[in-house]
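Prediction below, plus the sequence it came from.
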Amino acid sequence: VTLLEQNPRWRLVPRGQAVNLRCILKNSQYPWMSWYQQDLQKQLQWLFTLRSPGDKEVKSLPGADYLATRVTDTELRLQVANMSQGRTLYCTCSARDRGPGNQAPLFGEGTRLSVL
Amino acid sequence: QQKVQQSPESLTVSEGAMASLNCTFSDGTSDNFRWYRQHSGKGLEVLVSIFSDGEKEEGRFTAHLNRASLHVSLHIREPQPSDSAVYLCAISNSAGNKLTFGIGTRVLVRP
């Protein structure tokens, strides 16, 4: 059973244009949602973890600027702006965040972004 | 800041032979160690998680952790061609959703 639905799965982004990504959680027992980026060299990097509706965070990394929003208990969004290099964005979910032995984050299928 | 190194970069094994992958880390205070794999063009699949020194087995996958040596390994028993993928070591402290990943080991299992 798929826990996370990411869309779009792939997008060609004109240079200078922002793109909005969505991640839908299918099982509310895994409410801790996060975004990771995987660059062209395949290095994965944590971006954000957002738990509650209304939570927002911003971050700038080499090659892109990010704005993450937890819209509802089941929807996480990511706006990617000023992207200069392609990358893949993964949404994850987990049952809890802290404490020893906490559950491994579970990954969605990812959204692949390429720069036009 | 946690640094995670994986070796070898790539590994070719014959079907049925044991595959062994290594991961070293810099921060010995971490307490969550996970192995994921990623098939080409796909998301990540968690294989095994280990939280204390010793061994943890999940099916054909066994992780060994030695925090004093800053080392965690993964052994794949009786690998099959469908196990061909990139294997990723991921480490976190008690804030478990913030994983630090190695660059991965590409494993090819030949029939």
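Received it, and whenever you're ready, just let me know what you need. Numbering: from 1, shown residues only, chains lettered A, B, ... in the order given.

secondary structure class for the most centrally placed residue in chain B?
Nearest residue to the geometric centre of chain B (CA atoms, centre = their mean): residue B:35, 3.7 Å. In terms of secondary structure, residue B:35 is strand; the call rests on DSSP: H, G, I helix; E, B strand; the rest coil.

ok, the spatially most central residue of chain A - contacts?
Nearest to the geometric centre of chain A sits residue A:35, at 3.0 Å (CA atoms, centre = their mean). Counting by CB atoms under 8 Å, 6 or more residues apart in numbering or on different chains, residue A:35 touches A:23, A:46, A:47, A:48, A:66, A:68, A:76, A:78, A:89, A:90, A:91, A:92. (C-beta placed from N, C-alpha, C; glycine too.)

And residue B:37, by the same measure?
So residue B:37 contacts B:44, B:45, B:47, B:83, B:85, B:86, B:87, B:88 (CB under 8 Å, 6+ apart).

if you set the cut-off to 6 Å instead, what comes out?
B:45, B:47, B:85, B:87 (CB atoms under 6 Å, 6 or more residues apart in numbering or on different chains).

What of residue A:62?
Applying CB under 6 Å, 6+ apart, no residues contact residue A:62.

since we're on residue 70, how many residues are nearby?
Since you didn't name a chain, this refers to chain A. 22 (other CB atoms under 10 Å in any protein chain shown).

Chain B was what I was after
That count, for residue B:70 with other CB under 10 Å as the rule, works out to 15.

Could you report the separation of it from residue B:79?
26 Å (CB to CB, to the nearest Å).

related to what we said a few turns ago, looking at the contacts of residue B:37, which has the most residues close by?
If you rank these by neighbour count (other CB under 10 Å), residue B:87 sits at the top with 23 neighbours.
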